[in-house]
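Novice: When you get a sec, could you give me coordinates for this:
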Amino acid sequence: MNPQRLLLAIVAAFAAIFCTDFLIHGLWMEPVYKATMHLWRTDEEMQAHMGWLCAGQLLAAVTFVLIWAKGFAATGGRKCAVIYGLCMGLFSQANTLISYAVEPLTLEIVWKWMLSGVLQGIVLGLVVRSVYKPAAYGAVE
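Specialist: Residues are numbered from 1 along each chain as shown. Coordinates of the predicted model:
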């Protein structure tokens, strides 16, 4: 693994997660969250827990990039990045189904989380691949 590309890919993945989460949860899902305010922390509590949220996003970015770098980067093209992102997005959405089983979430929340999570995974796969591309033929990693 190339440490410089790895670190750059982690930063890019974290930025992509942070930005897409804002678009998903801060804009697209905002009306749904307002309609189900009884399920969520208050804005003040959310701000107080922002560090935990960012830590989770960083952990997701590190894990996503490490798996890509170790398992797919040597030969993975765009199609591989899309499939990898799709699979990782689907994998992450298992928790959405579990959350629906144990929390009083609406079906609208569940399907929007699942759709956006899978799309976010695909975007993340393409972002990480663009930063941590396969090495040139014959290059030493």
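Novice: and the helix ranked longest in the chain, which residues are buried?
Specialist: Scanning the chain for the helix with the most residues, using DSSP state H, yields helix 107-131. Residues of helix 107-131 classed as buried by neighbour count (16 or more other C-beta atoms under 10 Å): 109-110, 112-114, 116-118, 120-129, 131. Every residue, glycine included, has its C-beta placed from N, CA and C.
Novice: ditto for stretch 71-84
Specialist: Within stretch 71-84, the residues scored as buried using 16+ other C-beta under 10 Å are Phe72, Ala73, Gly76, Cys80, Ala81, Val82, Tyr84.
Novice: Where strands are concerned, which of those count?
Specialist: Per DSSP state E, strands hold no members of the buried residues of stretch 71-84.
Novice: which one of those residues is nearest Cys19?
Specialist: Comparing the buried residues of stretch 71-84 against Cys19 with C-beta to C-beta picks out Ala81 as the nearest, at 18.0 Å.
Novice: So Ile24 versus Tyr132, what's the distance?
Specialist: The gap separating Ile24 from Tyr132 is 24 Å, by C-beta to C-beta, to the nearest Å.
Novice: Between those two, which is the more surrounded one?
Specialist: Tyr132 (24 against 18; other C-beta atoms under 10 Å).
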